[in-house]
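Novice: no sequence for this one, just the structure:
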């Protein structure tokens, strides 16, 4: 069973329901005043989400900077002989609805944590991880069942926040990482998927979307630190 829809759902029956149900308008947010600054270096985000997280109407949350919408953002990698580590990117085709994003590249797969992602017998952080699984299932097909882990570098910075624009100021990215040797995008009319090395990604850095540029910086920092510690 190579499809992402089979990802261990036998052991997580509430996730099967998530795939079948349409999205509601309630999404997971955390009140901005409850989080310490700087947001990118919060070390106990799981604890803070469990303590202060709440469900809010999305149309309200999109226009209120007192709340941060929690966004799992998944980096997919693979290791190839002679090439080393490669990172999955997708390029937005001209068939996409947002013209400003045409020919841009993204390093991450992700989206909002929906009310339907939450099993009330579990924690709010479990909803974040369930949302990450759902986003993967909606966007791509993988050739195997991956292990999904929090992306962290050898530095302290690992969350994604962009205060430079109104959209960025109401979202907080939680990077995850998983490994898959083959990835197929589902919306082939709108997206083109490909694996690239770090050096190749740097050649199209000016066409990366905002969060992907941040994630690229984290990858570069982690790579440099890893080499220095060898």
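Specialist: Now that the structure is in, tell me what you want to look at. Keep in mind it's a predicted model, so treat the numbers as computed, not measured.
Novice: what residues are up against the residue nearest the centre of the chain?
Specialist: Closest residue to the average C-alpha location of the chain: residue 73 at 0.8 Å, with CA atoms, centre = their mean. For residue 73, the contacting residues are 108, 109, 110, 160, 173, 174, 175, 176, 211, 215, by CB atoms under 8 Å, 6 or more residues apart in numbering. For every residue, glycine as well, the C-beta is placed using N, CA and C.
Novice: pLDDT value on the second one, please?
Specialist: In this prediction, residue 109 carries a pLDDT score of 92.
Novice: ok, and for stretch 138-158, which residues are buried?
Specialist: Applying a neighbour-count criterion of 16 or more other CB atoms under 10 Å, one finds 138, 139, 140, 141, 142, 146, 148, 151, 153, 158 buried in stretch 138-158.
Novice: Filter those down to the ones in helices?
Specialist: 138, 139 (DSSP state H).
Novice: Using CSV, please lay out the buried residues of stretch 138-158 together with distance to residue 35 and pLDDT.
Specialist: Formatted as CSV, the buried residues of stretch 138-158 follow (distance: CB to CB, whole Å; pLDDT from 0 to 100):
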residue, distance to residue 35, pLDDT
138, 28, 92
139, 27, 92
140, 30, 93
141, 35, 91
142, 32, 89
146, 29, 78
148, 23, 89
151, 19, 85
153, 20, 64
158, 15, 80
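Novice: And the buried residues of stretch 138-158, which two are furthest apart?
Specialist: 141 and 153 (28.2 Å; CB to CB).
Novice: After the longest strand along the chain, which helix or strand is next?
Specialist: In the chain, assigned by DSSP state E, the strand with the most residues is strand 67-80. Downstream of strand 67-80, the first helix or strand assigned by DSSP states H and E is strand 84-92.
Novice: Strand partners (parallel or antiparallel) of that following strand?
Specialist: Sheet pairing here is set by DSSP bridges, and for strand 84-92 it gives strand 67-80 (antiparallel), strand 105-106 (antiparallel), strand 191-197 (antiparallel).
Novice: so what's residue 88 closest to, chain neighbours aside?
Specialist: With CB to CB, 6 or more residues apart in numbering as the criterion, residue 88 has its nearest non-adjacent residue at 3.8 Å, and that residue is residue 76.
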